[in-house]
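In: This is the structure alone, sequence omitted:
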């Protein structure tokens, strides 16, 4: 079994920063693309940032220049550094990853349980 566990969410004032972490554990052979998504109340889940196994990143236009996604392949962890936070960044943030559990098996998409980020004064 594979688990993704997010941490680092919380309440922060506008203009502040938070760093989210997502640690993958369990029977992991390799993991390729990882990403962060968010879902605000009444809205659809959206991709915030993604990173490939080679470290190539992509971002939603709304967070470009403010958020940075990174990964530690030794620790099987992906991070999201969020700076200059705005009230519209308030949402539940989820990480996901394409993870291969055996050498010959196909990669599957796993998701964490989410962590709440609230930006408010």
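Out: Received the coordinates, thanks. Note that the structure is predicted; figures quoted are calculated from it, not measured.

In: residue contacts, the most centrally placed residue in the chain?
Out: With distances taken as C-alpha atoms, centre = their mean, residue 36 lies nearest the centre of the chain, 2.9 Å away. Each residue near residue 36 by C-beta atoms under 8 Å, 6 or more residues apart in numbering is listed here: 20, 22, 47, 48, 49, 50, 69, 78, 80, 93, 94, 95. (C-beta placed from N, C-alpha, C; glycine too.)

In: Toward the C-terminus, what is the element adjacent to the strand or helix carrying the fourth one?
Out: Using DSSP states H and E, residue 48 maps to strand 46-51. Note on strand 46-51: by DSSP H and E, the next helix or strand toward the C-terminus is strand 57-59.

In: Just the residues contacting the next helix or strand after that next one, thanks.
Out: Next helix or strand after strand 57-59 toward the C-terminus (DSSP H and E): strand 67-72. Residues from elsewhere that reach strand 67-72 (C-beta under 8 Å, 6+ apart): 34-36, 48-51, 55, 57, 59, 77-83.

In: Nothing else from me, thank you.
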